[in-house]
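Engineer: Curious how this folds, go ahead:
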Amino acid sequence: MNLELILFIVLAVIAVVSSVLMITRQNPVISAVFLVLNFFAIAGLYLLLNAQFIAVVQVIVYAGAIMVLFLFVLMLLNTEKEHTLFIDKRAIKFFGVLVSAFVFIQVAYLILFGRPSRTLTPDEAASVKAGTIQTIGQQLYTNYIIPFEVAGFLLLATTIGALVLAKKKFE
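Structural biologist: Model (predicted):
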């Protein structure tokens, strides 16, 4: 077994276990923590696929910004009433189990009977090179510098606008 296969197995097990623990926990904050762990495991899988930029974006955007917002909403909501939402709804539970079993069978079929190719075509090799941070940064700061700067100014303007709207009185 090579190191790449061992890392894949470890990260896949972490992703699967954390996703199962996420949906089985009663406390939504603990579920959110397991979701963050799942995001990190998926980012590791992206690194194994030579998609460094997607892995970094996965950690920054999902594990960082979105989970902060998600935890903020969870803290504001009253989740005590949600426990009685699915009581006596066996049809919904049966449908969820049926869909989960169907997806599991599909994934198991792909794992057991799928035949991945061992060599990369020139197009696949070019797509692997296109996903690196160096290539994306070079394109972003050479060919797409104007749209990048416009997006930065728009984000700055919306931040200033949100601060002005949030301020109750001017001093």
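Engineer: how far away is the nearest residue to residue 56 once chain neighbours are set aside from residue 8?
Structural biologist: Spatial nearest neighbour of residue 56, chain neighbours left out: residue 133 (6.9 Å); criterion: Cβ to Cβ, 6 or more residues apart in numbering. To be clear about C-beta, it is placed using only N, CA and C from the backbone, and glycine gets the same treatment. Distance, residue 133 to residue 8, by Cβ to Cβ, to the nearest Å: 21 Å.
Engineer: Any idea how many residues pack against the residue nearest to residue 56?
Structural biologist: Neighbourhood size, residue 133 [other Cβ atoms under 10 Å]: 14.
Engineer: Tell me the secondary structure at residue 155.
Structural biologist: helix (DSSP: H, G, I helix; E, B strand; the rest coil).
Engineer: ok, it - how many residues close by?
Structural biologist: 10.
Engineer: Kindly report the same for the one 10 residues further on.
Structural biologist: Counted with other Cβ under 10 Å, residues neighbouring residue 165 total 8.
Engineer: quick revisit: the residue nearest to residue 56 against residue 53, yeah?
Structural biologist: Yes. If you go by Cβ atoms under 8 Å, residue 133 and residue 53 touch, sitting 5.1 Å apart.
Engineer: ends of stretch 108-123, how far apart?
Structural biologist: Using Cα to Cα, to the nearest Å, one end of stretch 108-123 lies 28 Å from the other.
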